[in-house]
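Engineer: Quick one, structure for this:
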Amino acid sequence: MPRLVMKFGGTSVATVDRIRNVARHVAREVRAGYEVAVVVSAMSGKTNELVAWCKEASPLYAQSEYDAVVASGEQVTSGLLAVVLNEMGLKARSWQGWQIPIETSDQHGSARIQHIDGARLDAGFKRGEVAVIAGFQGIHPETGRVTTLGRGGSDTSAVAVAAAIGAERCDIYTDVDGVYTTDPRVVPRAKRLERVAFEEMLEMASLGAKVLQVRSVELAMVHRVPTTVRSSFDDPDDARPGTLICDEDDIVEQQIITGIAFSKDEAQITLRRVKDKPGIAAAIFGPLADANINVDMIIQVVSGDGAATDMTFTVPAAEYERSRAILDAQRHAVEFERIEGATDVVKVSAIGVGMRSHAGVAAKAFRALAEKGINIRAITTSEIKFSVLIDAAYTELAVRTLHSLYGLDKA
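Structural biologist: So this is what the prediction gives:
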């Protein structure tokens, strides 16, 4: 029988009534002839509550004990869904990450999945059971301690399980009915996409689209797991197909630009009059990397005399103050005159595999933004996307301008 993994997020399982609705979605797929594994998140708000308890208990809690506490949210949900499924007459049992086992690294709070042994799940399928799996968690095989995968880790759990058991596809159920050309709250005419290439979804997830966690898309792309984004709030007996994330070759008609993403989690830092000599870039970005601070857009402008340069780059907004402190500590090694920064900036990006075969796509956007009076602070490009850093006040105008420019209002 074909296998299917279904993942339900926190809002989908926020109450027992919603868990019953989830069970109806599961029952539909069982009736359709699938062997089903369900991956669940904690009930909406529960993880935040558990995190708050850890902080209340001690500001300096051990990460391993933090994982032991926060992993319990998914344990509750998996048990409740198994109870409801059994009440409906479907054989089901709950599984915790360590019972399968889902083996991970020992980086508590942000562990990475290293191996999943699907033998126990296989045995359960042969018994006709629906496997209800606690997402977001695993176990480090050497220490035997429970680990968690970081925020949004249940998406990653689901895709990894799908790859391990050879599932036909992985359906991610959320509170939206698919992937849109941009945020419908900003552009009411945004359209739901029927299909998105893995590479495009990876860029969209990393550039601000909150539909899927970046690591889950990476796994889906590496293991070629077709992944569908669907709404759990659809009528289980009349559910819409959602958006399929798949290989580029499986998309017949490809837009030049597939979507517009934006991220408000950006801060800009500029180092003025940095001495222009070999090793300066390493002196600036090495300490930031050692502190696990991700640097994104980088612009270097050499002065007319060639003796000094201005260096501008972006970091996550939450890391702005820490980044400035690290750079201030490096002032003598880097030899810059002063440091400037801004947190009222936004990164707006256009993504599409069609950019590979079309010239002038980005230049067209730059002209359109200029006509709207929007100043571009920084630009980065890749084969299938370009990003611009602009003042936050122009976010909605820029997104709407680009969305219309590339015909996405008519998609």
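Engineer: Quick check: chain neighbours aside, which residue is closest to the residue nearest the centre of the chain?
Structural biologist: Central residue of the chain (CA atoms, centre = their mean): Q213, 2.2 Å from the mean position. Spatial nearest neighbour of Q213, chain neighbours left out: G152 (3.4 Å); criterion: CB to CB, 6 or more residues apart in numbering. From N, CA and C alone the C-beta is placed, and that goes for glycine too.
Engineer: again, but for T381
Structural biologist: Take T381 and drop its neighbours on the chain: the residue closest to it by CB to CB, 6+ apart is A362, 6.1 Å away.
Engineer: Against Y34, how distant is the one you found?
Structural biologist: A362 sits 43 Å away from Y34, going by CB to CB, to the nearest Å.
Engineer: Count the residues that sit near the residue nearest to T381.
Structural biologist: 16 (other CB atoms under 10 Å).
Engineer: Quick check: it is in a helix.
Structural biologist: Yes - counting by DSSP: H, G, I helix; E, B strand; the rest coil, A362 falls inside a helix.
Engineer: contacting residues for it?
Structural biologist: Applying CB atoms under 8 Å, 6 or more residues apart in numbering to A362 gives the contacts 350, 355, 379, 381, 386.
Engineer: Give me the number of neighbouring residues for S64.
Structural biologist: S64: 15 surrounding residues under other CB under 10 Å.
Engineer: so where's the stretch 101-250 of the chain uncertain?
Structural biologist: Applying pLDDT under 70 to the stretch 101-250 of the chain picks out residues 208.
Engineer: Spell out, range by range, the helices that occur in this protein.
Structural biologist: Secondary structure of the chain (DSSP state H): helices at 16-31, 46-57, 63-70, 72-87, 119-126, 153-165, 198-206, 214-223, 280-290, 320-329, 331-334, 361-371, 395-405.
Engineer: Of these, which is nearest M1?
Structural biologist: Between M1 and the helices of the chain, the shortest separation by CB to CB is 7.8 Å, and it involves helix 119-126.
Engineer: show me the contacts for I374.
Structural biologist: Contacts of I374 (CB under 8 Å, 6+ apart): 390-391, 394, 397-398, 401.
Engineer: re the thing from before, so how far is V301 from the residue nearest to T381?
Structural biologist: In terms of CB to CB, A362 sits 20 Å off from V301.
Engineer: try F336
Structural biologist: In terms of CB to CB, F336 sits 13 Å off from V301.
Engineer: Neighbour count for those two, which is higher?
Structural biologist: Set F336 next to V301 and count neighbours by other CB under 10 Å: F336 wins out with 24 against 10.
Engineer: is it true that that one touches R272?
Structural biologist: Yes - if you go by CB atoms under 8 Å, F336 and R272 touch, sitting 6.4 Å apart.
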